[in-house]
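Visitor: Return atomic coordinates for the entry below.
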Amino acid sequence: MTWNKLSVTEDNGIVTVALNRPEKLNALDMEMFTELDAVSKQLRKRKDIRAVILTGNGGTFSSGLDIKSVAAKKSKILSLLAKVLPGNANLAQRVSRNWRLIPVPVIAVIEGRCYGGGLQIVMGADLRIAAHDAELSIMEIRWGLVPDMGGLLALREVMSKDVAMQLTLTGDIISAQDALEYGMVTEVSENPMETALSICRKIAKASPDAIAAIKYTTNRCWVSSARALLARETICQIRLLLGRNFSIAAKRQRTKTDIDYQKRQSFW
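Guide: Below is the predicted model:
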């Protein structure tokens, strides 16, 4: 597929997806929404990739929703927000939620502005590495809107309700260091892309099945009952023990050699 508003590159199983509308500070228009939805669905199906990096070209992640473009026609708003059932994710929500469904780690690299819809997208990532000069904001209130892209699902996992409420009600722009203290970002780095790549390379040395199982169980343990979590852990462990990559991992440990893992099994 040809991408017009994204750039997608791959190196040794690490896929980098970059918002590519730098002349507009990577503001989110309908085409970018559609392409983010499509690429995330494609990556979910691939068993040969080991990690995904999500970033923005031009020194900024995203200035948020391109209101002028999206609101130009009511049909665009309908396409963005329509859903068959209330509990399903619409297009706007999928560009955040879909990253959580990919069975490899997704790391967001945040530089420059990360406002509104841009912040909602990075909250769908597993890790968020921010540059020292990055700025973040839950900015929807300034447009008289509510955050509606699914990013609040992640906010409830990383920060207290009162802090989330304050940031959402005020639309304040916060620094990367403040975001780190609040739990919105994982790490602040002088070179966030190199930090993300270093993490990806380390993860790529492990069993792809174990990585998928860890992401699956960890994402669910924050919102599951204890009984559901215990059952899910056991099911995942049985699948791992019966899988071919467990045998490879054990042999790697015994022989201290870097035997190649096989592709991730289909049930993850």
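Visitor: tell me the strands in the stretch 1-150 of the chain, going along the chain?
Guide: Taking DSSP state E, counting those that start in this stretch as the criterion, the stretch 1-150 of the chain contains strands spanning 6-11, 14-19, 51-56, 106-110, 113-115, 127-131, 135-137.
Visitor: In terms of secondary structure, what does the last one contact?
Guide: Helices and strands touching strand 135-137, as assessed by 3 or more C-beta pairs under 8 Å, 6 or more residues apart in numbering; DSSP states H and E, comprise strand 113-115, strand 174-175, helix 176-182. C-beta: built from backbone N, CA, C; applies to glycine.
Visitor: would you turn these into CSV with mean neighbour count?
Guide: Supplementary listing: the helices and strands packed on strand 135-137 in CSV, determined by neighbours: other C-beta atoms under 10 Å:
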stretch, mean neighbour count
strand 113-115, 28
strand 174-175, 16
helix 176-182, 18
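Visitor: JSON lines for those, including mean pLDDT?
Guide: Formatted as JSON lines, the helices and strands packed on strand 135-137 follow (pLDDT from 0 to 100):
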{"stretch": "strand 113-115", "mean pLDDT": "98"}
{"stretch": "strand 174-175", "mean pLDDT": "98"}
{"stretch": "helix 176-182", "mean pLDDT": "98"}
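Visitor: Give me the pLDDT value at the closest residue to E190 other than its chain neighbours.
Guide: In this structure, E190 finds its nearest non-sequential neighbour in H132, 6.6 Å apart by C-beta to C-beta, 6 or more residues apart in numbering. Looking at H132, its pLDDT reads 98.
Visitor: Tell me which residues touch H132, please.
Guide: Shown in contact with H132 (C-beta atoms under 8 Å, 6 or more residues apart in numbering): 176-177, 188-190.
Visitor: Go again with 7 Å.
Guide: Listed by C-beta atoms under 7 Å, 6 or more residues apart in numbering, the contact set of H132 reads 176, 188, 190.
Visitor: which residues sit against the one helix or strand R254 maps to?
Guide: R254 belongs to helix 244-255 when assigned by DSSP states H and E. Surrounding helix 244-255, the residues in contact under the criterion C-beta under 7 Å, 6+ apart are 207-209, 240, 258-259, 261-262.
Visitor: now the contacts of H132 as TSV including distance to L54?
Guide: Formatted as TSV, the contacts of H132 follow (distance: C-beta to C-beta, whole Å):
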residue	distance to L54
A176	16
V188	17
E190	20
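Visitor: re the thing from before, the strands of the stretch 1-150 of the chain into JSON lines, with extra columns for distance to L81?
Guide: Converted to JSON lines, the strands of the stretch 1-150 of the chain look like this (distance: least, C-beta to C-beta, whole Å):
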{"stretch": "strand 6-11", "distance to L81": "22"}
{"stretch": "strand 14-19", "distance to L81": "21"}
{"stretch": "strand 51-56", "distance to L81": "23"}
{"stretch": "strand 106-110", "distance to L81": "24"}
{"stretch": "strand 113-115", "distance to L81": "20"}
{"stretch": "strand 127-131", "distance to L81": "25"}
{"stretch": "strand 135-137", "distance to L81": "22"}
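Visitor: Good, we can wrap up now.
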